[in-house]
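[1] How does the following fold in three dimensions:
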Amino acid sequence: MHLSIVFLGMLAPLSLALPLGPNTPDVYEAIHQVGFKLAHTLDTKNWAALGELMTEDVGLDEVIANTKAAFGDSLVSHIVANSLIDLDSSGKKAYVIFYLIFSLWDPNALDDPKKTFRVYEKCDDIYVLSSGVWKMSHSTVTNMGPKFEMPYFG
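    Reported below is the predicted structural model:
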């Protein structure tokens with residue numbers, strides 16, 4: 001009982017320092033939402049919406065062309081697992097690490113490891129606050145597993 005009172009006492013100053021309301025998202029939640037929206041946008045292949053989630057200097061046309069070529073007509077899924085967000089001192093730039101599971105599968109080639117596979121990835125991203133909106137400005141994706149997995153066995 002004493003521990004919970006001490007813990008709640010420590011939280012009280014935090015609640016005063018962070019005036020958050022239902023329409024004022026926490027900066028960390030706002031960054032998380034961009035990551036989740038980016039995964040959803042890629043999974044649904046809504047190429048036009050990528051511009052809302054990335055800064056202009058990423059080379060959007062090249063990103064879209066490369067992603068279309070990589071995904072082709074296959075189905076894709078990004079499952080965002082956990083993340084670490086390090087906000088810089090300006091509050092306008094964040095270094096973000098997302099861990100995710102990426103799956104790509106061709107329903108007509110479930111036994112072909114070049115067309116149907118799952119991989120565990122780490123994304124080292126930079127997000128910036130642009131006109132009051134968080135956007136991704138850079139991403140480096142690293143394969144975390146020893147090899148791609150075949151989720152289906154024919």
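[2] The strand or helix carrying residue 122 - contacts with which helices or strands?
    Using DSSP states H and E, residue 122 sits within strand 117-130. Contacts defined by 3 or more CB pairs under 8 Å, 6 or more residues apart in numbering; DSSP states H and E place strand 117-130 against helix 27-43, strand 93-105, strand 133-143. Placement of C-beta: from N, CA and C, glycine included.
[3] Same list (the ones you listed) but as a markdown table, adding distance to residue 55 and mean pLDDT.
    Converted to a markdown table, the helices and strands packed on strand 117-130 look like this (distance: least, CB to CB, whole Å; pLDDT from 0 to 100):
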| stretch | distance to residue 55 | mean pLDDT |
| --- | --- | --- |
| helix 27-43 | 11 | 94 |
| strand 93-105 | 11 | 94 |
| strand 133-143 | 4 | 93 |
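[4] Nearest to residue 149, out of these?
    Residue 149 sits nearest to strand 93-105 of all these, at 9.1 Å, using CB to CB.
[5] how about low-confidence regions in this structure?
    1-25, 151-154 (pLDDT under 70).
[6] out of everything not next to it in sequence, what's closest to the residue positioned nearest the centre of it?
    The centroid of the chain falls nearest to residue 35 when counting by CA atoms, centre = their mean (2.9 Å). Distances taken as CB to CB, 6 or more residues apart in numbering place residue 98 nearest to residue 35, at 5.4 Å, with adjacent residues excluded.
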